[in-house]
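Engineer: 3D model of this:
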Amino acid sequence: MFLRKRVPRALKREGDRTTILLGEEERALLVDLAEQFRSVLAADNDPDLRRLYPAAYADDAERDADYAGLVHDDLLGTRLNAVDGLIRSAAAESIDNEELAAWMQVLNGLRLLLGTRLDVSEEDEFDPQAADAPTRALLAWLGFVLEEAVESAAAGL
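Structural biologist: A predicted model of the protein is given here:
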């Protein structure tokens, strides 16, 4: 008989819903992070948010500014609504596809913000002795939960 190593799970697709397998502490952490993210988004002046609003016209500052003026408020509103959706559904046993989309948007936004603040790159290796190791571990965990959310969304197609 072969023993399989139990792989930790955060989310699991069941029918047309996604079951949340996170414990209470992990759910509380997500809510706390989402609330902090909301504060940063609402202030709308943090330069580390730049990866959430990439340039549409990198070679034309005027056209890019015009485009940003047209879409920025809508993008910000969508992100704030996603934060509210994650917070509302974090304690639920399962979430529907719309709630799952909100989770993915918040998880991705948090990863972009943290990654920018940490100045991470693909070549970086995790150093458990580094001063920023806890934040990098959080970034990795957010990536894990996002990956499972994406898998669940794909399974629902």
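Engineer: any idea which helix or strand comes after the longest helix along the chain?
Structural biologist: The longest helix of the chain (DSSP state H) is helix 61-89. Per DSSP states H and E, the first helix or strand lying C-terminal to helix 61-89 is strand 94-95.
Engineer: alpha carbons of the next helix or strand along the chain from that following strand, as PDB, please.
Structural biologist: Using DSSP H and E, the helix or strand that follows strand 94-95 in sequence is helix 97-118. Presented in PDB, the C-alpha positions along helix 97-118 are these (Å, rounded to 0.1, in the frame of the first residue of the first chain):
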ATOM      1  CA  ASN A  97     -18.500  32.000  -8.800                       C
ATOM      2  CA  GLU A  98     -19.000  35.800  -8.300                       C
ATOM      3  CA  GLU A  99     -17.600  35.600  -4.800                       C
ATOM      4  CA  LEU A 100     -14.700  33.500  -6.000                       C
ATOM      5  CA  ALA A 101     -14.000  36.100  -8.600                       C
ATOM      6  CA  ALA A 102     -13.800  38.700  -5.900                       C
ATOM      7  CA  TRP A 103     -11.500  36.500  -3.900                       C
ATOM      8  CA  MET A 104      -9.200  36.200  -6.900                       C
ATOM      9  CA  GLN A 105      -9.200  39.900  -7.500                       C
ATOM     10  CA  VAL A 106      -8.300  40.700  -3.900                       C
ATOM     11  CA  LEU A 107      -5.600  37.900  -3.700                       C
ATOM     12  CA  ASN A 108      -4.000  39.100  -6.900                       C
ATOM     13  CA  GLY A 109      -4.100  42.700  -5.800                       C
ATOM     14  CA  LEU A 110      -2.500  41.900  -2.500                       C
ATOM     15  CA  ARG A 111       0.200  39.900  -4.200                       C
ATOM     16  CA  LEU A 112       1.000  42.700  -6.600                       C
ATOM     17  CA  LEU A 113       1.100  45.300  -3.800                       C
ATOM     18  CA  LEU A 114       3.300  43.100  -1.500                       C
ATOM     19  CA  GLY A 115       5.500  42.000  -4.400                       C
ATOM     20  CA  THR A 116       6.100  45.600  -5.300                       C
ATOM     21  CA  ARG A 117       6.800  46.600  -1.700                       C
ATOM     22  CA  LEU A 118       9.300  43.700  -1.400                       C
END
